[in-house]
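> Give me a model of this one.
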Amino acid sequence: DVPRNGARTHLINVTQRIKECGKAHQWKQALLFLADITSHAVDADVVVYVATMSACERASQWLEAVGLLGEMKAAAMVPNIFAYNTAISACAKSSAWLRALDFLSDMRGAAVSPDTITYNALIHACGQGGHWSSALDLLQAMASAKVRSNVNTWNTLVSACEKAGEWQYALRLLQTLPEMALQADTVTYS
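Numbering: from 1, shown residues only. Sure thing, here's the model as predicted:
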C-alpha cells in the first residue's frame with residue numbers, strides 16, 4: 001500500500017522535525033508542523049503529539065502542552081506515560097502545581113501507572129509552587145504506589161523545602177538518604 005507507506009514516512013519525517021524544533025525551543029514551528037500533518041489528512045499519532053508537547057514544554061509554553069494533551073483526548077487518542085509526564089513537566093516549569101496534580105488523577109482514571117519520572121515532575125511542580133508539604137505527601141504516595149525513588153527525587157524534595165525556608169525538613173531528608181540506599185551527589189549539596 002504505497003499511499004499508506006508514503007503517509008507513514010511523512011509522519012516520521014515531520015516527527016523528527018518537531019523534535020528538532022523542541023531542541024531549538026521553536027515551539028511555534030513545532031505546532032505548524034503538527035498542523036501540516038493534519039492538513040494533509042495524515043492521522044497524527046501519540047508520538048507526534050508528545051514530540052510537539054515536548055517542544056512546547058522546553059520553551060515553557062505549558063498551556064500549549066496541556067492543550068495538546070486535550071486535543072489528543074478529543075481525537076480519541078489514548079495518552080501514554082510520556083504524554084502525561086510531558087504535560088506534568090510543562091506545568092512544573094510554570095508553577096502550575098495544581099494542574100500537574102490533576103494529571104495524576106487523570107492518569108489513574110486512564111489506567112496509566114505513574115513512574116519515578118512522573119512523581120519527580122510532580123514533586124518539582126509542588127516545589128516550584130511553594131507547596132513543600134504537598135511535595136512530601138507525594139513521596140508518601142510514591143512509596144504507597146511502590147514506585148522507587150531516586151536521588152533526583154530526594155534532590156527535588158530538598159530543593160522544595162529549601163525554597164520554602166523549611167531547612168529542618170531539608171536536613172531530615174538529607175539524613176534519610178543512606179537509609180534509602182541512595183548516594184548524595186553534587187546537586188544534593190548545592
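
> Which residue, neighbours along the chain excluded, lies closest to Val151?
If the residues on either side of it in the chain are set aside, Val151 comes closest to Leu182, at 5.1 Å by C-beta to C-beta, 6 or more residues apart in numbering. For every residue, glycine as well, the C-beta is placed using N, CA and C.

> what's the burial count for that neighbour?
17 (other C-beta atoms under 10 Å).

> from memory it sits against Asn152, does it?
No: judged on C-beta atoms under 8 Å, Leu182 makes no contact with Asn152 at a distance of 9.8 Å.

> and Asp36, how many neighbours?
15.

> Whatever helix or strand it lives in: how far from the chain's middle?
Using DSSP states H and E, Asp36 falls within helix 27-39. Here helix 27-39 is found 21 Å from its chain centre; the criterion is C-alpha atoms, centre = their mean, to the nearest Å.

> Which other helices and strands does that helix contact?
On a contact count with 3 or more C-beta pairs under 8 Å, 6 or more residues apart in numbering; DSSP states H and E, helix 27-39 meets helix 2-23, helix 46-58, helix 62-74.

> Distance from the chain centre to the first one, please.
What it means is helix 2-23. 23 Å.

> Give the other helices and strands that that helix contacts.
When contacts are defined as 3+ C-beta pairs under 8 Å, 6+ apart, helix 2-23 packs onto helix 27-39, helix 46-58.

> averaging pLDDT over each of those, which comes out lowest?
Lowest mean pLDDT of the helices and strands packed on helix 2-23: helix 27-39, a mean of 89.

> Would you mind getting the angle between that helix and helix 62-74?
Helix 27-39 runs at 20 degrees relative to helix 62-74, counting by axes from the mean of the first three to the mean of the last three C-alpha atoms, to 10 degrees.

> ok, back up a step: could you dump the helices and strands packed on helix 2-23 into a markdown table with distance to Arg148 added?
Shown next, in a markdown table, are the helices and strands packed on helix 2-23 (distance: least, C-beta to C-beta, whole Å):
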| stretch | distance to Arg148 |
| --- | --- |
| helix 27-39 | 32 |
| helix 46-58 | 24 |
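
> most packed of those helices?
Ranked by mean neighbour count under mean count of other C-beta atoms under 10 Å, these are led by helix 46-58, which reaches a mean of 25.

> neighbouring contacts of that one?
11, 14-15, 18-19, 21-23, 25-27, 30-31, 33-34, 37, 62, 64-65, 68-69, 71-72, 77-80, 82-83, 86-87, 89-90, 93 (C-beta atoms under 8 Å, 6 or more residues apart in numbering).

> Between helix 62-74 and it, find me the angle.
Going by the same axes, to 10 degrees, helix 46-58 makes 160 degrees with helix 62-74.
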